[in-house]
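**Student:** 3D, please:
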Amino acid sequence: MTEPSPTREPTAADFYAVNRGGGLFSELISQRLGARVAVFANRHKLSPTVLTVGNLGVGCLISFVVIATAGPVADGRVWAWAIGLVALVGWQFAYALDCADGQLARVTHQTSPAGARVDVLCDVAAQVALVSALAAVAHAQVPETPAWLLGAFAGTWMVNLVTSVMQAGPQAASIVTSTSFPVRVVKLVRDYGAVIALAGVVLIAAPQWTVWVVCLFTLINAAFLAASIAMAGRNSLRPQP
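**Tutor:** Predicted structure coming up:
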């Protein structure tokens, strides 16, 4: 990336150039939206932490709306498509803020260990709210949904976030290192932007299918956790240089 001159405001392209990826969907859509948010934030002298807290606030607010309306939507008293649309747009905007805070920090040289910790902690809180919202909808739509399934869904969901944090260290490793397009398409199941887009579409079109979304991602994340443990265990048994 060419460093913007001191007399030139960074452009969306400058911010996008320092994005940290996140998957095919995130790179094509979420990170690009984040770059435009970063331009706005830089122009109005907002700090990266403001965007980080904004992600938390918007994400939790949208999730609260989904939780509060889960019963009325299931009973037919509230239009499912309206709540689903709010969730789809709101969660994507919150994620764009999450993408933007890192871009803004890197381009404007405001990175710090404290800022990185706040970012991770806010991500955890926002995703706890998201998981709670999806679990609430699944239970409202299908009251027979087993409690153990919702618990497993909540527990395994954080595998993505934990492994993302671990990828930043010197011991980072990937189970599948190929960057070919077919592999990247398959990896969409672990692309946060794509996952929340799917969740929003399901809430719009068929909220009764949310329980199947819960089942799907419980299996995917549990399988990834098992594979990660196996790979880490195998590597730990290798002779160290």
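
**Student:** centroid residue for the protein?
**Tutor:** Y192 (3.7 Å; CA atoms, centre = their mean).

**Student:** and the host helix or strand of L216, what other elements does it pack with?
**Tutor:** Per DSSP states H and E, L216 falls inside helix 210-237. Packing partners of helix 210-237 (3 or more CB pairs under 8 Å, 6 or more residues apart in numbering; DSSP states H and E): helix 113-141, helix 147-157, helix 159-167, helix 192-205. Bear in mind the C-beta positions are built from the backbone N, C-alpha and C, glycine included.

**Student:** Sort out which residues of the second one are buried, please.
**Tutor:** It stands for helix 147-157. For helix 147-157, a neighbour-count test (16 or more other CB atoms under 10 Å) marks 149-150, 152-154, 156-157 as buried.

**Student:** same question, the last one
**Tutor:** Neighbour counts using 16+ other CB under 10 Å place 192-204 of helix 192-205 among the buried residues.

**Student:** likewise the longest one?
**Tutor:** Of the residues in helix 113-141, those with enough neighbours to count as buried (16+ other CB under 10 Å) are 115-116, 118-120, 122-123, 126-141.

**Student:** so how far is that helix from its chain's centroid?
**Tutor:** 9 Å (CA atoms, centre = their mean, to the nearest Å).

**Student:** Which secondary structure state does T179 sit in?
**Tutor:** Under DSSP: H, G, I helix; E, B strand; the rest coil, the three-state class of T179 is coil.

**Student:** count of residues packed around it?
**Tutor:** 9 (other CB atoms under 10 Å).

**Student:** Kindly provide the distance from it to K187.
**Tutor:** 10 Å (CB to CB, to the nearest Å).
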